[in-house]
Structures are given as structure tokens and as C-alpha cells.
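Participant: Using only what follows, build the 3D model:
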Amino acid sequence: MEGWIPIEGIVERERAILVSCGSKLHEWELRSSLEELAGLAETAHAEVMEQVIQFRDRKDRAWLVGKGKAEEIAQLVEDLEADLVIFDQELIPSQIKHLEGLIDAKVIDRTQLILDIFAGRAQTKEGRLQVELAQLQYMLPRLVGKRRELSRLGGGIGTRGPGEKKLETDRRHIRRQIDILKHDLEEVRKHRRLHQARRKKQAVTQVSLVGYTNAGKSTLLNQLTESEVLAEDKLFATLDPTSRKLDLSNGQEVLLTDTVGFIRNLPHQLVASFRSTLEQVTEADLLLHVVDASHPESSEQMKVVEEVLEELGAAHIPTLIVFNKVDQMVERSTQDELGEREGNRMMISAFNQSDLERLKEKIEELLYQHDFKGTVSFSVEKGDWISALYRHAEILHSETEDLEISFQYRLPRNKLSSLPRDLQEKMQIK
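Facilitator: Modelled structure (predicted):
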């Protein structure tokens, strides 16, 4: 697919100025979000030269910031020889037009930056299709004036993805391309739904790792399953879902899936395009909500994740909150505050083996605490029943007397439907 440029392949770092605008009453949130924007810029291989905040109760319809502040930013671009100005708030078409006309550098917003990062990170066909769809949907209403911002893009941050030639076409062509992408995505999704249906039929137990970006989900997946999934100290190191088998001490095997990290103000274009991927968490039997316990804003990050799970319809799924990176925490009192006072919370370091064993025990406990337990006896000639029990249940004890065999078993609730119907009736499970 033309136009795709891996982030890691860029040699020269673009010099960026970050800008935020909002009420003085929300200063803490503005500064916090701007710091996060700096992390996103770093992930996109930009060098942050300066951060600018303007406090104003109402955003300027034409400039976002006031015109005077926009002129200051234009001068700052000249003084610092910046290539790029990134606004933390989403820009509307008229603001882009005015700012591009004044500032001698590329002007993008937080949404476009995140889309750009996703374009460089997507590895699967579905991931790339979803990113390109989101980018085109973002660009369509922003084809303003003489498309000055398109003709001068030239490459770099904010231009990865569909490619300049595609973006310079008219709205009709872009709408046609969006329709094609939606059709292609649906075909890929049909294929994935077949896999999901097969997993359901086989009663595969699924556990999904969810959490804020860079909370350590990929590292935890690697440590638990002895895998080598890409794990970096960067925002959105993981974009495409990755699944690995996890063996539990009771002999059961579960499928552990790492998902894309969440972030505040996640572009709605991405939420819409990636909805089918994100909705994979709704298929899980258990969610591991991984939290960076060392992050000063861990509570706020947890709220963001909970809101997205609510939006996806996954809030009802049993969840274990895993406070990760405790080895990086400065003050012990913070650990005590987060604590393990509630049954579905625990503190770990992904690099501590005893912590990993405790986590696996907790996963096993939560998955199987509502199992069916009992004893069943029937003729030894029922070979299909015997086979089904050994395949889907944990056999605690068995004995044979004459022509009858007895089993003491523990059966996961989600595997009941995998047993022959007449065996279910014999076991008197309701």
C-alpha cells in the first residue's frame, strides 16, 4: 500500500512546538495533557522545542488561540526553526486555514498526530485498513480553500498513511475510497468473526489485557507466556491485537490477548474505525486491567479505560485490576493507597517471578470460582462422554467398578455447552 512510512525508518527528527488552549480553571488538566502530547510527539520521532499554553475561557473560532498568540507562535517557529506546530485540541477547518496562512510550518492537531502514529505502527491488513479509513474520514471535511495544507505537506509527521496523491483528489474520490475501505474491512472482519465463532464452539477461555497506553501490557504478556511480542517504552507500541496461550496450574489452557492501549481524547475516527478490533474485549471471559502504578496520574488513566470499556459494552465482564511497575514506584505509601484491599486488585512487577505466579493463581481463581463441581457415574461404554469430560473438565478423581465409571469433576461454566446434551442432563447441571 503506497504512502506507508514506518516511524522507525525516519532519520531526521522534526522540530516541533506544542500548543494548548483552555480555561485557567483547568490548568492542571491542560498541562497534564500537554505532557502526554509531548510523549506522543516523541513516539512520532519529533523533537519538542517549546510548549505554549494560552488561558482563555472561550476558544477563538478562527484561530483557536487568539490572533495575537497565533502571531507569537509564528514568530517562535521562525526563531526556533521549527518544522511543525502541534495543537492539543482538535482544529476545525477554518482554524487550519487561518493558522496555515500565518505560520510557516506544518500545523496539525492531537488527532492527526495519533492517526500518524497508528499509521506507522499498524502491521496487519486490518490494522492498516482501519488507520487509512480513519485518516480519510478525518481529512475529508478539512479539504478547505485551495488545499494549501495538502500541497505543502511534503512528508513527515502528519502525512503518513494514505499518501499525498490520494489526499489531493477531490471529495468525491475520497468518499469512493472510504467506501472501498469499508468494504475491504468488512471482508477482513468476516474472516476474523469465523475465527471467533470457532473459538466459541471449542469453548476456548479468553483473557484480554486492557489498559492505558504504555501501562506494560505487552511486557506482561511476554512474561506470562514466555513470548517475544514487541514491548517498548513508547506510547502505542502495540496496535494490532496479539494472542498467546497461557497454561494455568490446574492444567487448563487460556488464550491471553494483548490489545491496543487507550488514551484520553482518543480520536473518535479511530474509535469508530477500530471498533471491531476493540470489541474483541467483549468476547473475553476475564479482563486484566493493567495500570502503571508508578504513573502520577494512574487514577485518571484508569477512569479513561473504564469509560472506553463502558462505551464498548464490556463493563460487565469480570475484571482484575493489575497495578504493574511497582518496582518503579518512589514512595511505598502510594502502594499502600492503591493497595490490594479489594479482592479483584493486586500489585505486581512484570519482572518478578513470584508476582507472576500470584497473578496466574488469581486468574485461575477468578475464571473458575463459579465452576460446576460434582460427581457423575455412567456406563464405561459411553466413550464419547468419557472423552468429552477429559477434554473440557478437570477430573479430580475417577474410579471404575464392574461396568460403571465414576468421575469427580470440576467444569468451567463456559465449557458446559461443549458437553453432549444427554451428558449435561445426566450431570443434572442447570
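Participant: Now do the helices in the stretch 301-430 of the chain.
Facilitator: In the stretch 301-430 of the chain, the helices defined using DSSP state H, counting those that start in this stretch lie at 332-338, 353-368, 383-392, 421-427.
Participant: Verify the stated contact: F372 with L419.
Facilitator: No - assessed by C-beta atoms under 8 Å, F372 is found out of contact with L419, at 10.1 Å. All C-beta spots, glycine's among them, are computed from the backbone N, C-alpha and C.
Participant: So for those two, which residues contact both of them?
Facilitator: Shared contacts of F372 and L419, defined by C-beta atoms under 8 Å, 6 or more residues apart in numbering, comprise 411, 427.
Participant: one step back: now tabulate the helices of the stretch 301-430 of the chain in JSON lines and tack on distance to L129 and mean pLDDT.
Facilitator: Converted to JSON lines, these look like this (distance: least, C-beta to C-beta, whole Å; pLDDT from 0 to 100):
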{"stretch": "helix 332-338", "distance to L129": "39", "mean pLDDT": "48"}
{"stretch": "helix 353-368", "distance to L129": "33", "mean pLDDT": "90"}
{"stretch": "helix 383-392", "distance to L129": "36", "mean pLDDT": "90"}
{"stretch": "helix 421-427", "distance to L129": "41", "mean pLDDT": "89"}
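Participant: still on that earlier bit, between F372 and L419, which one's more packed in?
Facilitator: Neighbour comparison, F372 and L419: the larger count goes to L419, with 22 against 17 (by other C-beta atoms under 10 Å).
Participant: who touches that one in this structure?
Facilitator: Contacts of L419 by C-beta under 8 Å, 6+ apart are 388-389, 392, 411, 427.
Participant: so which pair among these is furthest apart in space?
Facilitator: Based on C-beta to C-beta, the longest span within the contacts of L419 runs between H392 and M427 and measures 11.7 Å.
Participant: Find the residues that touch each one of those two.
Facilitator: 411, 419.
Participant: State the mean pLDDT of whichever strand or helix holds C21.
Facilitator: C21 belongs to strand 14-22 when assigned by DSSP states H and E. The average pLDDT for strand 14-22 rounds to 94.
Participant: Also stretch 371-378?
Facilitator: Computed over stretch 371-378, the average pLDDT equals 89.
Participant: Let me see the ranges of the strands in the chain.
Facilitator: Taking DSSP state E to define them, one finds strands in the chain at 14-22, 46-55, 84-87, 106-109, 205-211, 242-247, 253-258, 286-292, 319-324, 345-347, 372-379, 394-401, 404-411.
Participant: can you pull the contacts of V19?
Facilitator: V19 touches 51-54, 65, 73, 85-88, counting by C-beta under 8 Å, 6+ apart.
Participant: what's the closest of the residues you listed to L209?
Facilitator: Using C-beta to C-beta, D88 is the member of these that lies nearest L209, at 27.9 Å.
Participant: Tell me how many other residues surround the closest one.
Facilitator: 23.
Participant: How about it, nearest residue that isn't a chain neighbour?
Facilitator: Counting by C-beta to C-beta, 6 or more residues apart in numbering, D88 lies nearest to S20, which is 4.1 Å off, once chain neighbours are set aside.
Participant: pretty sure the one you found is in contact with E50, am I right?
Facilitator: No - between S20 and E50 there is no contact under C-beta under 8 Å: 12.0 Å.
Participant: Looking at those two, which has the bigger crowd around it?
Facilitator: Higher neighbour count among S20 and E50: S20, with 22 against 16, using other C-beta under 10 Å.
Participant: isn't T319 right next to V291, touching?
Facilitator: No - shown here, T319 and V291 do not form a contact pair, counting by C-beta under 8 Å, at 11.3 Å.
Participant: quick check: domain ranges of this protein?
Facilitator: The record's domain split for the chain, according to automatic domain parsing, is 7-167, 204-368, 372-427.
Participant: out of these, nearest to D184?
Facilitator: domain 7-167 (5.6 Å).
Participant: Would you quantify the distance from M346 to Q54?
Facilitator: Distance of M346 to Q54, computed by C-beta to C-beta, to the nearest Å: 43 Å.
Participant: what does A314 give?
Facilitator: For A314 relative to Q54 (C-beta to C-beta), the value is 38 Å.
Participant: same question, A70
Facilitator: 9 Å.
Participant: Which one's more surrounded, the two?
Facilitator: The residue with more neighbours, out of A70 and Q54, is A70; 24 against 20, by other C-beta under 10 Å.
Participant: Contacts only, for that one.
Facilitator: 63, 98-99, 102-103.
Participant: In the stretch 1-150 of the chain, where is pLDDT below threshold?
Facilitator: 1-11, 143-150 (pLDDT under 70).
Participant: Kindly report the same for the stretch 251-400 of the chain.
Facilitator: For the stretch 251-400 of the chain (pLDDT under 70), the answer is 268-269, 272-277, 330-343.
Participant: Of all residues in this structure, which one is nearest the centre?
Facilitator: In the chain, the centroid-proximal residue (C-alpha atoms, centre = their mean) is V260; its distance is 2.1 Å.
Participant: Surely that one touches P241?
Facilitator: Yes - at 7.3 Å, V260 counts as touching P241 under the criterion of C-beta under 8 Å.
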